Structure formats: structure tokens, C-alpha cells
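J.: Prediction below, plus the sequence it came from.
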Amino acid sequence: MNKRFAILLKEIRRQRKLGAKRHPMYQNNKFGKYFMYFFGLFWVAYLVLFGFLLPTIFREEMPGMEPYHILNKGMWIIFILDFGLRFMAQKLPASEVKPYAVLPVRKRDVIDSHLLLNGLDAYNLIWFFLLLPFGCMTLWKFFGLAGLLGFLLGYWLLIVANGYLTAICRTLMNEHILWVLVPIAIYGGMVGGMVVPWKHNLGWIGMEWGEGFIRWEPLAFLAAIGVLALLFVLCRVLQLRIVDKEIARTKTTKLTRVREYRFLDRFGEIGEYLRLEIKLLTRNKVPKVQFRTGLILMIMFSVMLAFSDVYDDNFMRYFIAIYNFSVLGVMVLSQCMMFEGNYLDGLMSRKESILSLLKAKYYLQCAICVVPLLVMIAPVVKGKLDVLDVLAAFFITTGFVFFIMFQLAVYNKSTMNLNQRVMGRNSTGNWFQTMLIMGGFFLPVIVIMALNAIFPDGRTSVWITLAIGIAFTLAHPLWLRNVYKRFMKRRYVNMAGFRASRP
Amino acid sequence: MIISINNLHKKFGSVIAANIDSYVIGHGDMVGLVGNNGAGKTTLFRLILDLLKADEGNVTVSTQDGTLTDAAVTSTEDWKRHTGAFIDESFLIDYLTPDEYFAFLGRMYGMKKEAVSERLEHFRPFFNGEILGEKKLIRDYSMGNKQKIGIVSAMLHSPELLILDEPFNFLDPSSQAIIKHLLAAYNRETGATVLISSHNLDHTVEVCPRIALLEHGVILRDIANVNGSAKTELDTYFDAPVQAAEAAETPVAPEEPECPENPDNPATPATPETPETPENN
């Protein structure tokens, strides 16, 4: 490694540490910072707990095999979970080259530095919180410290390799969404490979490979190093190919057709803002992905409610029913006004435009609720819910849930990037936002369960819920105007916040 | 529109951004705000547009039609119908095409589609064939074209008060010439009050009959610019630190010895005597 590369590596490492310390999630948001610490600790504790529990669980469920054999067979599940965890948070080396583009450093050196540092990142050790206690409980007695160390080293090599594979998949998917078939094929293939009824299936390979690590067999380690090296090289080649594109990135949105949505003309100013809302959702990456995710979740839960017994108890039925209606609205409205933070100054320079905007948001979210109304036909036909339940869920969402969520329009004051997911920046939640989101999801169900306890016949509570929902829905002009007035009272604080957090 | 600034104070931490006891901009005035970076120009505009809360004082407006008289900008939104402003990109809804954005604004101000189209025709030379009729989102345009979109969006509804922050930024020389002409004509023909800020003294002096010199939030001078007369005063003001620095650097020349006066002609110094040489003797 020559001296210049070593200096560059040291410098990039220092900048990555500073970047992590100055992450937008932590900068102005103490709650977010401590929430992430808590979440991290929770996840670690969870892994440690499973590390201690899994040997016992495996012995009871599969008494004919040693627990470490079972874990090794299922090692592919660890890689799938690891892929899921890394997917959103991982930065791609090619996207980090831009600041160095005009400096006297080679682009390939910058990419190599990032790839190397990604491999050596402490994050790759996170699975050790599971593997170490597991290994201590299952390997030590047979193989001692050497076996445990071999086990950990082998898994570390494969986890690092998985990191490079994740980077490859993400890079490809950034180029075109169809490349999503690659991770589907690879990780889907892992699942398929484990369950296929062959003697030497992927589960068998995992078991033998893991055993090889434990016994320090050279072939096992050579294979792991080989996979790691191959994925490193592939990742490097890909990053180098796209780096010039990244540096010159002037991605423009190609509009083949400019939709006018003329049917909205009849609604005057609110129609204008409805048009704006629709374009916000359809022309910007972040809200578009959010909308798609909410839609998928909604359909998924509805299908599970209709066709499985998983959610057959009362609490879960009501929760899923309300969740189906409210998931999209809660996801979108939890960030109410945060997208508008990008151009709020312009909106504020026009009279009462914010009130029209709030009304448009409300009407659009109500219109979107017709989609779950249709999707819920399946559970109604299957007898899991009746029509009254569905209507109660619909109106409690358009009334009570949206009433809660629109309060965030008063208090949200961070601008959200329309097209770039900056990990942490787009989830600048404070405790109040989190409480309201929890309230939006759980309060209606808690209310129904409480009413059920008071009126055990099961129908009175639904009628009361329906009445509450209709009342809040009909009263929307009043509470929207109230939200608008409170927003205007706080406008300077909010505008300053939006301005300060604009990308 | 008449704008009255009354005892307006604004600080950001320890930095004074606005400190104006009293300043009045009358109907039809065209005022250029000049000052160094951090002088408080943009802050003043934001205070006038009620985008920022003053620590003390207020800004009041009175419309030409009398519907508003000495109305504080913080207490009512009615003045917004008469105002058009463009400060920076954050005024633009960048996921719309320019045509969509102008149509949106037109409808916000109660303009019919035909009126918007007619008004945009007026700005066609300014757009230079690049903005109208393209299926391109505002965010994908260059900074110069975004600036043009912003300026036109502020002028579209022919407001009584027009506020433009650094309108000449990012514009090519031809566009700068066009916008100077457009602004001057707009002020002349409609009697609208126009406030612009700029770092370009030449443009400001060429266009604005009244210039306010701002420094650390204070309006130091309110200069009547008659036939470009303000240029000298502004040049002197902005050159002063440079000249002071140059003066500090220039070494002081040693004093020349005094020549004895010629008694016959006191104005003429006497020629020193030629020293005797052996040859002379």
C-alpha cells in the first residue's frame, strides 16, 4: 500500500467518523439521537438474548442435531436479514467520490478506500452479538477457543462479502428498478436453496462450510476469502463504471406526458392544490416510494386478514382493519408540510394558501381511503369483518385519525428532501411526532376495545366508533381551520426551521 | 403601495440584521438596496414579506386603492394579493414545469388562462426560447433559467409591490439588459412600487431612481439617483476600505532637502554653486 493511498485512507476514515458524528439525525434532534441509541441497544440486547436462547430452542425442536449445525444450515437467513438491515443505511462508494473529483487523488483510490473501510467497519461485527454467546454455549465444549474463533472469523468473512453483495445490488437498482430482480434471485435463491428437498442443498452446504470454519479447514476459509475477493472485485468494477456518472449526475425527470388533471378545475383553489398534491406524490422519488410502500403494506395486510388465520383475534382484526385505512394517511401525514418546506416561502407569500393546501391534503387522503375500502371486500366476503366494521374503520380514519395526524402540520418544521433519501434526515422525528403517529395507529383500536369492554355485545361499540368517525369527518372544516390558525401563529418558528433544514 | 418601516429591529444571535428607525417607500418608488454581504438586504425583504418575525417594530403597508391603510403586514394577509416577490429558489415549486407553475400562480391570483398566456408573451424575449412549452421540470433547469422563472412568477399578476432579491444573479448579459428594461418599464407604466437588491452597482444605478445603502442592518444613506449621480457616491463608499488598505501599505517617501531660495526670484530656487575644480582655477 503506497504512502499516498495510506494518507487518503486515513483521511477518508476520519471524515466518515465526523460524518457519523454530525449525522442529520443527531444534529438538531436530541430525541432522535437518544432514540437511535436506545434502538441500537435494544437490537443488540435482542441479538444477545437470541444468542443464548437459540441453543436451547434448537435442542428442543431438533434433538438429533447439534445447535451449531442447525445455525450453520440456516446461515443464509443471517445474510438475508443482514441485506435488509444494510439496504437503506449503506452508502455507495461511487456516491462519495464527488468531493474528491477536482483534488489530486485518483478516483479508484477513493473507491478502494471506501470499499476497504466498509469491509473493516464495526457494523460487520454486529452479528457477533448473536454468534458469540451462541458459539460459547454450543462450540466451546467441543472445540474450545480455537473452534469459536474459527467460527467467528468465517462468519465475519461471509458477512463482509454480503456487504459487498448488498452494495452491488443497490448500485444496480439505482440504475434501473428492474435490477431488483438480482437481489430477489440471489436471496430468494438462498431461501429456495435451503428448502429444496435435495440431500446436498444449500442448507447442507452451509452446515459443512460452518463446520469447516470451526475446524479451521483451509478449504472453508479459502472459499470464503474467494467469495469475498470476487464480490469485492465485482463491486469495485461496478463502482468505477458508474463513478463518472455519479460525479456528473444531472438526473432529469423525463416527462413523456404532462398531465393536466382538468377534472380538478371545477374545485377552484382547492382543486389547484389537489393537483399540486397529486404531482408531489407522482413526480418526486421520496413521496412516491412512501406511497407505494404504504399501498403494498395495505394490500398485504388485507390479504392476510382475508385468507389466513393469523389475525383472527378481535384486537388484531380491528387493528388491521383500521391499519389498512390509516397506514397510507399516517405515513404521508406524519410528514405533513415537511415536503412543502422546500418551497414554503413562496406559498406563504400568498393569502390563505396554506389553508387551501391543508384542505387539499385532507380530501386527497380521504379519496385514497377508497382503495382500502375496495380491498376490504375480501375479508368481508370471507366473513372476517362485516360491512359495519369496514365503514367504522373508514370513518374513524377520515375523521379521528386524520384529525390527530393533521396536528403535525402545526409542529413539523424540518424540510424533507423530495428526491433523495438521506438516512436520518428524512426521519427527523421528534417525540411529539412519534407520539402522534402511535396515537394515530393505536388510539382508535384502544377506543374500540374499551367500548367493547363497556358494551360487550360487540355491535354497540362499532356503532359508537362509526358515529365518532362521522362526527370528526363532518367537522373537518372546523378543525382544519383551527390547524391553519395555529400554524399561522407558529409560522415564524416553522419557517425558520424549514429554512435551516433545507438541503 | 406605500411601505412604512417603523423602528424595525432584528438580531440573529449577536449579529444585527435590521436596525431601521424609520423609512418610507412611497407609491411608485423604485428603490435599489445595496450593501455588502451580511448588510441585511434579504433580511429586510423577509421582514417586509412577513417571512421573518421582527424583534421589535413593524412594517405597515397602504395600497393604492385604499383597501389597506397602514396595515401591519403581520396582522393581515390581504396585502399579499397586491404583492409579488422572488427571493430565492425556495419560492419555486420545482416539481412543476414552468408552464404549470405560471398557470398555478395565475389561478391563485384569479387570472384567466388567456390572461396568463398574454402576460407570458410579454416575457418571451426574456425567456430566449428556453422555458415555455418544454416538458421539463423547474428543478432540471439551470440556475439562470430558474432565476428567470422566479422573476416572471413575481411579476405575472402585475403586483402593486414587487420585491426581487438580487434579480441579476445568474443571468447572462443579454438577459440582464432585458430585465433592467422590463423593470424600469414596469415601474413607469404601472406605477408599482419596486424594491430590488443587487451587488451590481452599475445595474442598480442604471435602473433605480432611489438607492438605499445598507450596512449592518442600518440604512446609512438614502440616495436620490438623478441621471446616475449616485454612482460616484457609492463607488467612493465601497472603494474606501480598499483605498485605506492601499494607503496603509504604501511606504512614505523620504522628505526632499529644502533648496535655498533665489533672492532675485523667490519662486525659483537658487542653482547650487558649482564646486571649484582645479581646472577652473
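T.: That came in fine, so what should we check first? Numbers count the residues shown, from 1 in each chain, chains lettered A, B, ... in the order given.

J.: Residue B:61 pairs with what?
T.: According to DSSP bridges, residue B:3, residue B:71 are recorded as the beta-bridge partners of residue B:61.

J.: wait, isn't it in contact with residue B:78?
T.: No - assessed by Cβ atoms under 8 Å, residue B:61 is found out of contact with residue B:78, at 9.3 Å. The way it works is simple: take the backbone N, C-alpha and C, and place the C-beta from them, glycine included.

J.: now the stretch 51-200 of chain A, which segments are flagged as low pLDDT?
T.: A:88-89 (pLDDT under 70).

J.: again, but for chain B
T.: By pLDDT under 70, the low-scoring segments of chain B are B:250-281.

J.: in it, which spans are strands?
T.: Using DSSP state E, the strands of chain B run over B:2-12, B:15-25, B:30-34, B:56-62, B:71-72, B:83-86, B:161-165, B:193-197, B:210-215, B:218-224.

J.: Could you dump the ones you listed into CSV with distance to residue A:398 and mean neighbour count added?
T.: Shown next, in CSV, are the strands of chain B (distance: least, Cβ to Cβ, whole Å; neighbours: other Cβ atoms under 10 Å in any protein chain shown):
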stretch, distance to residue A:398, mean neighbour count
strand B:2-12, 42, 18
strand B:15-25, 45, 18
strand B:30-34, 49, 24
strand B:56-62, 40, 18
strand B:71-72, 38, 15
strand B:83-86, 36, 25
strand B:161-165, 40, 24
strand B:193-197, 45, 25
strand B:210-215, 51, 20
strand B:218-224, 53, 15
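
J.: Residue A:238 is nearest to which of those?
T.: Closest to residue A:238 of these, according to Cβ to Cβ: strand B:83-86, at 42.6 Å.

J.: so what strands line up beside that closest one?
T.: Strand B:83-86 has these strand partners (DSSP bridges): strand B:161-165 (parallel).

J.: what angle do the partner strand and strand B:2-12 make?
T.: 30 degrees (axes from the mean of the first three to the mean of the last three Cα atoms, to 10 degrees).

J.: what do residue B:61 and residue B:78 both touch?
T.: In the contact map built from Cβ atoms under 8 Å, 6 or more residues apart in numbering or on different chains, the residues linked to both residue B:61 and residue B:78 are B:68, B:71.

J.: Residue A:329: which of the strands of chain B is closest?
T.: Of all these, strand B:83-86 sits nearest to residue A:329, with 33.7 Å by Cβ to Cβ.

J.: And for the closest one, what's in contact with it?
T.: A:349, B:1, B:45, B:49, B:91, B:150-151, B:153-157, B:159-165, B:167.

J.: low-confidence ranges in the stretch 251-400 of chain A?
T.: A:251-256, A:308-315.

J.: please redo it, this time with the cut-off set to 90
T.: Across the stretch 251-400 of chain A, the ranges flagged by pLDDT under 90 are A:251-269, A:281-282, A:284-336, A:345-353, A:368-387, A:389-390.

J.: Would you mind listing what in it touches chain B?
T.: The stretch 251-400 of chain A comes close to chain B at residues A:252-253, A:255-258, A:269, A:272, A:275-276, A:279-280, A:283-284, A:342-346, A:348-353, as judged by Cβ under 8 Å from any Cβ of the partner chain.

J.: Would you show me how to pick out the buried ones of the residues you listed in ChimeraX?
T.: A single ChimeraX command selects the buried members of those (16 or more other Cβ atoms under 10 Å in any protein chain shown):
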select /A:269,272,275,276,279,280,283,284,342,343,344,345,346,348,349,350,351,353
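
J.: contacting residues around the residue lying closest to residue A:459 once chain neighbours are set aside?
T.: Nearest in space to residue A:459, with sequence neighbours left out and distances taken as Cβ to Cβ, 6 or more residues apart in numbering or on different chains, is residue A:388 at 7.4 Å. Contacts for residue A:388 (Cβ under 8 Å, 6+ apart) come out as A:459, A:462-463, A:466.

J.: Now, of these, which are buried?
T.: For the contacts of residue A:388, buried by 16+ other Cβ under 10 Å: A:462, A:466.

J.: Dump the contacts of residue A:388 to JSON lines, plus secondary structure and pLDDT.
T.: Shown next, in JSON lines, are the contacts of residue A:388 (DSSP: H, G, I helix; E, B strand; the rest coil; pLDDT from 0 to 100):
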{"residue": "A:459", "secondary structure": "coil", "pLDDT": "83"}
{"residue": "A:462", "secondary structure": "helix", "pLDDT": "88"}
{"residue": "A:463", "secondary structure": "helix", "pLDDT": "91"}
{"residue": "A:466", "secondary structure": "helix", "pLDDT": "93"}
